[in-house]
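Colleague: Just to be clear, the model below is a prediction. Sequence and coordinates:
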Amino acid sequence: DAAQPCEFALQRTYPNPFNGQLRIDFSLEMAGKASLVVYDLSGRQVTEIANGSFTAGFHSVAWQADNLPSGMYALKLKSAGQTKTIKTILIR
């Protein structure tokens, strides 16, 4: 519902654990620049899924995790000085 206020959040990853492609849902409480980055558990950046200007509200992006080994990965959303991190598991 467009009238519903949004909060800054990483709502959901689907499926989790995943094999190949992961859908990531997030929301922003205000329009502006946002980035969504994937890190391995040693803290190395694996890929940047999204980086640009987004409207306030709900968003969904897909991550195709080709050529990565099985394991746990951290997804970090950053926007307007806020950061949220969640973990997901890739199973081959």
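Modeller: Now that the structure is in, tell me what you want to look at.

Colleague: Could I get the buried residue list for the helix or strand bottoming out on mean pLDDT in the chain?
Modeller: Least confident helix or strand, the chain: strand 9-14 with a mean of 91, by mean pLDDT, DSSP states H and E. Across strand 9-14, burial judged by 16 or more other Cβ atoms under 10 Å covers Ala9, Leu10, Gln11, Thr13. No exception for glycine: its C-beta is placed from N, CA and C like everyone else's.

Colleague: try stretch 55-67
Modeller: Using 16+ other Cβ under 10 Å as the test for burial, stretch 55-67 gives His59, Trp63, Ala65.

Colleague: any chance of these in a markdown table, with pLDDT and secondary structure too?
Modeller: Below are those laid out as a markdown table (pLDDT from 0 to 100; DSSP: H, G, I helix; E, B strand; the rest coil):
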| residue | pLDDT | secondary structure |
| --- | --- | --- |
| His59 | 95 | strand |
| Trp63 | 96 | strand |
| Ala65 | 94 | coil |
